[in-house]
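Visitor: Next come a sequence and a model predicted from it.
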Amino acid sequence: MTIAALTTSIAHEVKQPIAAACNNARAALNFLNAHPPDLGEVREAISCVVGDADRAAVIIDRIHDHVKKAPPRKDRFDLNEAIDEVFGLARGEITKSGVSVKKSLAAGLLPVHGDRVQLQQVVLNLILNAVEAMGLVDDRVRELSISTEQDRDHILVAVRDSGPGIDPAHSERVFEPFYTTKSGGVGMGLSICRSIVNAQGGRLWAEANEPRGAAFRFTLPGPEGKPAGATA
Ligand SMILES: Nc1ncnc2c1ncn2[C@@H]1O[C@H](COP(=O)(O)OP(=O)(O)O)[C@@H](O)[C@H]1O
Ligand SMILES: [Mg+2]
């Protein structure tokens, strides 16, 4: 299942318990505002809210299990080639949005041992987020840069854009499930991307791009499966 399909189904499933929680919370308020307040009904309504919230949490856990449980495949592949393929998939969105692409893929990159399709999903999501972020940019070039780099025993990938960037105070929040600033957003993309990268022994984080925009970087362990960032 693609991340996009996954997030749509999550949004659909989670809406129901959240709507139920809202209704029960409203009912609790009404019982409290009654004269005299009906505390028995309040207690019952609030325990329903707890139940609704638990159901939503279970749905979210299931998604993360879905990513974790399926043991990532251990393909041996050329990451640059896999990234080029992703650009083929995203080309339509990129052109439509007037975004120019700067690729700097390192020559002589060691082969990656990991799940090729899942890692392509991560890159695709980072690209689409960047393109969406730059949709708001009118006064400067919309530029997406992607780079790969061999850093000792691990590989470093960066996806950078010239969009509005991320408030440094939110650089971790963007990875939380359901954090979104988009009207039609689900807010699960980055959370799933992080689960995927972690499951493959890497790390994914966000920082400010220079001179402006956002930079998403992730590492992947080297061929011996050493954890990313481990020193010799
Ligand atoms: N390249 C980016 N530039 C600025 N903000 C970003 C970028 N990528 C993600 N974000 C922020 O992180 C939030 C969460 O992203 P994501 O998990 O992919 O969910 P969604 O795309 O559905 O909002 C976005 O709504 C946006 O606020
Ligand atoms: Mg997204």
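Guide: That came in fine, so what should we check first? Numbers count the residues shown, from 1 in each chain. Ligands and ions are numbered 1, 2, ... in the order given.
Visitor: how deep is the residue in the chain positioned nearest to ligand 2 tucked in, by neighbour count?
Guide: The chain approaches ligand 2 most closely through Gly189 (3.2 Å), counting by C-beta to the ion. Any C-beta I mention is one placed from the backbone N, CA and C, and that applies to glycine too. The tally of other residues near Gly189 (other C-beta atoms under 10 Å) stands at 24.
Visitor: What of the one 10 residues further on?
Guide: Each residue near Ala199 was counted by other C-beta under 10 Å, and the total is 18.
Visitor: Can you read off the pLDDT for the residue of the chain closest to ligand 2?
Guide: Predicted confidence (pLDDT) for Gly189: 90.
Visitor: What parts of the protein come near ligand 2?
Guide: Contacts of the chain with ligand 2, taken as C-beta under 5 Å from the ion, map to 129, 189.
Visitor: Strands of the chain, start to end?
Guide: In the chain, the segments counted as strands under DSSP state E are 75-77, 100-105, 112-114, 143-151, 154-161, 203-208, 214-220.
Visitor: Tell me who's in contact with the residue nearest the centre of the chain.
Guide: In the chain, the residue lying closest to the centroid (C-alpha atoms, centre = their mean) is Leu190, at 0.9 Å. Counting by C-beta atoms under 8 Å, 6 or more residues apart in numbering, Leu190 touches 125, 129, 174-175, 179, 204, 206.
Visitor: Filter those residues down to the buried ones and hand me the PyMOL line.
Guide: Applied in PyMOL, the following selects the buried portion of these according to 16 or more other C-beta atoms under 10 Å:
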select buried, resi 125+129+174+175+204+206
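Visitor: Out of the contacts of Leu190, name the ones that lie in helices.
Guide: Here DSSP state H is the test, and the contacts of Leu190 give 125, 129 as lying in helices.
Visitor: out of the contacts of Leu190, who's near ligand 1?
Guide: Among the contacts of Leu190, the residues within reach of ligand 1 (C-beta under 6 Å from any ligand atom) are 129, 174, 179.
Visitor: Against Ala206, how distant is the second one?
Guide: Put plainly, it is Val174. For Val174, the distance to Ala206 equals 6 Å [C-beta to C-beta, to the nearest Å].
Visitor: same thing with the last one?
Guide: Relative to Ala206, Tyr179 is positioned 12 Å away (criterion: C-beta to C-beta).
Visitor: again with Gly189
Guide: Counting by C-beta to C-beta, the gap from Gly189 to Ala206 is 12 Å.
Visitor: Ile46 now?
Guide: Ile46 sits 36 Å away from Ala206, taking C-beta to C-beta as the criterion.
Visitor: shaky segments in the protein?
Guide: Per-residue confidence for the chain (pLDDT under 70) gives these ranges: 1, 66-72, 223-232.
Visitor: Around ligand 1, pick out the residues from it.
Guide: Residues of the chain found near ligand 1 (C-beta under 6 Å from any ligand atom) are 129-130, 133, 161, 163-166, 174, 179-182, 185-191, 214.
Visitor: follow-up on the earlier one: so which of the strands of the chain is nearest Arg26?
Guide: Taking C-beta to C-beta, strand 203-208 is the member of those nearest to Arg26, at 36.1 Å.
Visitor: Number of residues surrounding Gly185?
Guide: The burial count for Gly185: 15, using other C-beta under 10 Å.
Visitor: isn't Ala21 right next to Val49, touching?
Guide: Yes - taking contacts as C-beta atoms under 8 Å, Ala21 lies within contact range of Val49: 5.0 Å.
Visitor: now the helices for this protein?
Guide: Taking DSSP H as the criterion, the chain carries its helices at 3-33, 39-69, 79-96, 116-134, 189-199.
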